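[1] Here is my input, please return the structure:
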Amino acid sequence: MGLQQLLENRLLGVMAFPKDPPAENGFNNRGDHLSLSPVLMESFLELSRSIVHAENFDENCGVWHDLFDDPLSPKAKARRASISVDRSVAAGSTGLTVSAWIRPTNLSDQWQTIVRREDSWRRQLLAIGRTGKTWGLWMGAGIAGKYEEFGAAVDPKILSDGEWHHVAGTIDGKMIRLYLDGKEVGSKPMVGKLSTQSAGPILVGAHGNEPFHGDLNDVRLYRSGLNGLQIQSIASGEKGIAGDELMGSWSLPDEAKPKVEQPVEKIAHERIEKFLLKAFHSPADEKTGKLYARYFDKQYQKSGDFTRSMKDVVSAALASPRFIFVHNERDEVSPNQASFNLATRLSMFLWSSIPDEELLELAANGELQNAEVLSKQVDRMLNHHRVKNFCDSFAPQWLKLNNLVSASPDFKSHRDYYFGGDDKISYKRGMHMMLEPLLNFETVFIENRPISELVDSDFTYRSHLLSEWYQGRAATYSINVNLRDIEYTRTPVTDRRDGGVMTTGAVMVMTSSPFRSLPITRGSWVSSVIFNDPPEPPPDDIPDLRADDKTLQKEGLTVRQKLNQHSSDAQCASCHVKIDPFGFALENYDLLGRWRDHYRTGLKVDASGKLFGKHEFTDIVGFKDAILAEEDLFAKAFIGHLLSYALGRELTLADRIATGEIAQASRAAGYRMRDVIKNIAVHPIITQITEP
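    As a prediction, this is how the structure comes out:
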């Protein structure tokens with residue numbers, strides 16, 4: 001929903017967000033499965049109020065100055081602001097210099113942001129604080145394709161004397177240097193070209209949980225690495241130094257008496273207009289803008305409290321369907337509305353959030369639909385830290401990992417699956433099993449590996465608990481486990497029974513009953529997830545398959561033999577002939593995800609089968625080979641999942657053409673994950689959506 005990026009990502013006391021139910025065999029962003037009942041609407045209203053009145057929603061929040069600071073208050077010192085860089089000047093950049101005057105009031109080991117612009121590994125910052133043994137001044141930037149950071153030790157007593165101090169950091173392609181009061185305090189060789197930054201603003205004095213405590217003034221950014229004499233001149237108070245190199249600056253307004261050159265209402269209306277652009281992903285139409293402006297005027301006239309009145313406006317906007325729902329606005333709203341719609345679709349697809357300022361700026365200028373601009377933006381978005389939201393949202397839904405939360409192997413038979421005392425279960429092993437397939441997915445994404453490695457990879461991830469579990473050593477159930485303390489290590493796979501997401505313990509546990517593995521459920525999972533072909537639900541009058549150990553031992557049958565009896569019924573055969581081979585291919589994994597060659601009855605596991613009636617296999621390795629032999633089919637299935645997620649709807653027969661075109665565009669490079677995603681993002685099915 002974009003609340004973190006729109007307001008603040010560290011709010012306490014905020015009520016739980018109303019959950020959207022996922023579509024069966026689909027995703028929770030499917031518009032055809034979402035509704036806004038009166039009860040849900042009331043929940044959104046309560047949520048919006050709880051956000052703006054959260055205990056720590058205060059002046060340390062990143063948006064406080066831009067939205068809530070009272071322009072008439074002497075306390076509004078604008079210690080949290082932003083710098084918009086002159087892009088024409090920045091185009092000739094050969095390095096970077098950040099210069100600022102600081103007067104800290106509360107020094108601690110925690111980092112305090114002086115200047116920061118977030119853009120994944122391209123981010124740029126100047127800060128004070130401690131990392132490791134070094135307390136001092138820190139500078140960071142993207143250099144030669146990776147993020148580099150350097151800190152120089154500074155005595156905190158110098159900065160805590162209540163006086164103004166000048167700090168600066170320079171990067172010139174060869175060295176990074178840090179200065180305090182005109183004197184160099186540290187340097188380090190750092191060879192390489194400074195990476196190009198986004199057009200977004202640079203934050204002054206604020207970044208998440210790292211706000212600056214104190215005052216900042218005369219913050220400047222230069223497009224080159226200034227030399228020591230120039231820094232010394234700036235620190236001594238000289239004006240106009242390297243003026244041609246200046247990209248942007250910010251200064252503290254008069255602290256003694258605020259100067260307000262226009263009515264407070266006009267200031268508020270301008271702030272509201274900018275906020276609605278972000279909240280609604282496009283400019284609000286004139287009628288809507290006036291509605292929120294009049295609401296502020298009414299609340300302000302009633303209370304005389306600027307901040308409270310602005311909070312009321314923001315609360316109303318967060319409860320608006322324009323914020324809650326994503327839909328295509330008509331062209332009458334804005335001359336470049338199609339570009340704004342595209343910016344929203346891209347950001348919701350790749351970031352699960354609202355568009356950032358760079359996307360909105362390009363949309364406002366009508367540039368986003370230019371093929372070259374769009375390609376560069378998709379690359380930027382795929383490299384941005386927000387793309388983690390895509391991995392965190394798409395992957396668990398695609399894999400149906402929500403089912404792992406409720407999976408509960410029989411407590412008496414499988415006590416070692418549970419942590420905690422016998423009287424209180426504190427933790428299930430499934431909760432850290434879940435991270436194995438998610439980390440596999442993230443690796444394929446981050447490293448742009450072929451999507452076939454989701455089926456069969458030469459790596460996986462293990463925690464020490466998970467390694468012991470797979471090896472059958474798990475006599476640690478009495479300990480208390482904190483999920484945050486568990487470390488996962490990338491581990492080479494030498495046995496192809498491991499590797500990929502399909503054979504992880506998470507999948508095996510969630511596709512089993514409390515007492516045994518369920519080949520039908522596992523086959524249905526493979527059909528739905530791997531081949532994007534979910535089977536129809538069974539008829540209501542079909543009896544349950546009785547295949548517990550006692551029944552099987554009494555009848556002298558394996559699960560496969562028992563299921564063959566069941567599926568001989570013509571009413572059942574059509575589905576079982578498709579899903580049974582998938583499920584039995586995984587039968588060597590028990591209900592806890594461990595390998596077995598025999599059932600507990602002593603009978604040998606038979607995992608053989610034939611994929612699509614033509615690829616015979618005898619075990620899971622052969623089954624993986626059979627799937628890889630149908631790589632094009634798997635690729636189209638996976639692309640179908642991605643496309644449904646990107647569009648927020650179920651795919652239709654007409655979408656098969658687009659799926660095929662995207663697959664064809666991705667095939668030559670081996671169906672690499674990021675290539676596939678980019679080919680979806682730039683395809684006309686995404687870029688040319690119009691409101692029906």
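[2] tell me the phi and psi of the residue nearest the centre of the chain?
    Central residue of the chain (Cα atoms, centre = their mean): Asn389, 1.3 Å from the mean position. Per-residue torsions, Asn389: phi -60, psi -40 (degrees, to the nearest 10).
[3] what's the closest non-adjacent residue to it?
    Nearest non-adjacent residue to Asn389, counting by Cβ to Cβ, 6 or more residues apart in numbering: Ser352, 3.9 Å away. Yep, even glycine has a C-beta here, placed from its N, CA and C like the rest.
[4] my guess is that neighbour meets Gln397, correct?
    No. At 10.9 Å, Ser352 and Gln397 do not qualify as touching, with contact defined as Cβ atoms under 8 Å.
[5] of the two, who's got more company?
    Ser352 (21 against 18; other Cβ atoms under 10 Å).
[6] On the three-state scheme, the more buried one is what?
    coil (DSSP: H, G, I helix; E, B strand; the rest coil).
[7] With Ala607 instead?
    coil.
[8] So it is in contact with Lys624, correct?
    No. Counting by Cβ under 8 Å, Ala607 sits too far from Lys624 to count as a contact (11.8 Å).
[9] now the nearest residue to Pro104 once chain neighbours are set aside: how far from Leu159?
    Of all residues not flanking Pro104 in the chain, Gly214 sits nearest, at 4.0 Å (Cβ to Cβ, 6+ apart). Distance of Gly214 to Leu159, computed by Cβ to Cβ, to the nearest Å: 9 Å.
[10] okay, and the common contacts of these two?
    Taking Cβ atoms under 8 Å, 6 or more residues apart in numbering as the contact rule, Gly214 and Leu159 both touch Ile102, Pro104.
[11] quick one, helices of the stretch 51-200 of the chain?
    Under the criterion DSSP state H, counting those that start in this stretch, helices of the stretch 51-200 of the chain are mapped to 64-67, 87-90, 156-159.
[12] Worst mean pLDDT among those?
    Least confident of these, judged by mean pLDDT, is helix 87-90 with a mean of 58.
[13] any idea how far the residue nearest to Asn389 lies from Gly140?
    Taking Cβ to Cβ as the measure, Ser352 falls 26 Å from Gly140.
[14] repeat for Glu184
    18 Å.
[15] Name the residue in those two with the higher neighbour count.
    Legend: neighbour count by other Cβ under 10 Å for Glu184 and Gly140, higher for Gly140 (20 against 15).
[16] Was I right to think that one contacts Gly151?
    No. The criterion here is Cβ under 8 Å, and Gly140 misses it with Gly151 at 9.1 Å.
[17] Any stretches of the stretch 451-600 of the chain with poor pLDDT?
    Applying pLDDT under 70 to the stretch 451-600 of the chain flags the ranges 474-485, 539-576.
[18] what about 80?
    For the stretch 451-600 of the chain, the stretches with pLDDT under 80 are 473-486, 537-577.
[19] any chance you could map the helices in it?
    With DSSP H, counting those that start in this stretch, the ranges of helices along the stretch 451-600 of the chain come out as 464-470, 505-510, 519-525, 549-555, 559-567, 570-585.
[20] Identify each of the helices in the stretch 201-350 of the chain and give its residue range.
    According to DSSP H, counting those that start in this stretch, the helices that the stretch 201-350 of the chain contains are 228-235, 264-279, 286-303, 306-318, 321-324, 337-350.
[21] out of these, nearest to Glu631?
    helix 337-350 (24.3 Å; Cβ to Cβ).
[22] from the chain's centre, how far out does the following helix or strand past that closest one sit?
    Proceeding N to C from helix 337-350, the next assigned helix or strand is helix 357-364, under DSSP states H and E. Helix 357-364 sits 20 Å away from the centroid of its parent chain (Cα atoms, centre = their mean, to the nearest Å).
[23] and for helix 357-364, what are the contacting residues?
    198-201, 277-278, 281-283, 336, 339-340, 342-343, 346-347, 355, 368, 373, 377, 380.
[24] residues contacting the residue nearest to Asn389?
    Taking Cβ under 8 Å, 6+ apart as the contact definition, Ser352 lies against Asn389, Phe390, Asp392, Ser393.
[25] Next, count neighbours for Ile234.
    Residues lying near Ile234 (other Cβ under 10 Å) number 24.
[26] Look up how far Ser224 lies from the residue lying closest to Ser282 once chain neighbours are set aside.
    Of all residues not flanking Ser282 in the chain, Phe340 sits nearest, at 3.5 Å (Cβ to Cβ, 6+ apart). Shown here: Phe340 relative to Ser224, a distance of 36 Å by Cβ to Cβ.
[27] Comparing those two, which shows the higher neighbour count?
    Neighbour count, other Cβ under 10 Å: between Phe340 and Ser224, Phe340 has more, with 26 against 21.
[28] Hmm, Pro283 and that one touching each other?
    Yes. In this structure Phe340 lies within contact range of Pro283 using Cβ under 8 Å: 7.5 Å.
[29] For the helices of the stretch 201-350 of the chain, give me TSV that also has mean pLDDT and distance to Asp458.
    TSV is the format used below for those (pLDDT from 0 to 100; distance: least, Cβ to Cβ, whole Å):
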stretch	mean pLDDT	distance to Asp458
helix 228-235	94	51
helix 264-279	92	43
helix 286-303	93	54
helix 306-318	90	46
helix 321-324	82	44
helix 337-350	93	27
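[30] Which of the ones you listed has the highest mean neighbour count?
    Highest mean neighbour count among the helices of the stretch 201-350 of the chain (mean count of other Cβ atoms under 10 Å): helix 337-350, with a mean of 24.
[31] how distant is that helix from the center of its chain?
    Offset of helix 337-350 from its chain centre (Cα atoms, centre = their mean): 16 Å.
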